[in-house]
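1. Sequence first, predicted model second:
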Amino acid sequence: GSFLEGILDHLPALVSLTIPSVNSFRRVGPGCWTGSDVSWGVEDKEAPLRVCIDPATRCATNVELKLADSTSNVYLKIAAVLSAGLDGIMRGLKLRPMAGSTEAEDLDTSLASKLPATFEESLEYLQCDNFLCSILGKELVICYIALRKAEIEDSSGVSLEDE
């Protein structure tokens, strides 16, 4: 549970690395089977972290991070996600209640926060995530954010049809 909570704790910043483009964010939201808030669920296709169950044994087989696509740098993505999970273990974080559960509805709304609505907003979360900045290296994060902001600026004002 602590590993998953570590990922959830860093998820607003992680998405800047796992869905790293304006177009990636166009495919995120309610009804897109990606999730739009920081949550997890069992066989819940709307949760960003989905625990998959084997129908025959009813045992968990794997966990899917739904907020990842092929436009990301696989090395940065894996390093950041694994580090976030390990941070959860190191800090002994307790896994929040599953999305849609009675416990989740009673939970402090700060834990059930929305994900960044835009790629640019996710970069702000990355810049403020001291743990991920230290793991990835401050220099890399500064350059990554500068490059991605330049890409955002280049694509601003360009219609979807013109892309």
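-> That came through, no problem. Numbers count the residues shown, from 1 in each chain.

2. the strands in the protein, which residues?
-> 40-42, 49-53, 60-65 (DSSP state E).

3. With mean pLDDT as new columns, can these be given to me in JSON lines?
-> Below are the strands of the chain laid out as JSON lines (pLDDT from 0 to 100):
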{"stretch": "strand 40-42", "mean pLDDT": "93"}
{"stretch": "strand 49-53", "mean pLDDT": "92"}
{"stretch": "strand 60-65", "mean pLDDT": "91"}
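
4. For Ala13, find the nearest of those.
-> Closest approach to Ala13 among the strands of the chain (Cβ to Cβ): strand 60-65, 13.7 Å. For the C-beta atoms, the positions are set from N, CA and C on the backbone; glycine is no exception.

5. Which strands or helices does the closest one pack on?
-> helix 2-18, strand 49-53 (3 or more Cβ pairs under 8 Å, 6 or more residues apart in numbering; DSSP states H and E).

6. related to what we said a few turns ago, I'd like the strands of the chain written out as JSON lines, with distance to Ala80 added.
-> Output for these, formatted as JSON lines (distance: least, Cβ to Cβ, whole Å):
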{"stretch": "strand 40-42", "distance to Ala80": "18"}
{"stretch": "strand 49-53", "distance to Ala80": "15"}
{"stretch": "strand 60-65", "distance to Ala80": "11"}
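
7. so can I have a markdown table of these showing mean neighbour count and distance to Ala13?
-> Conversion of these to a markdown table gives the following (neighbours: other Cβ atoms under 10 Å; distance: least, Cβ to Cβ, whole Å):
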| stretch | mean neighbour count | distance to Ala13 |
| --- | --- | --- |
| strand 40-42 | 19 | 17 |
| strand 49-53 | 18 | 15 |
| strand 60-65 | 13 | 14 |
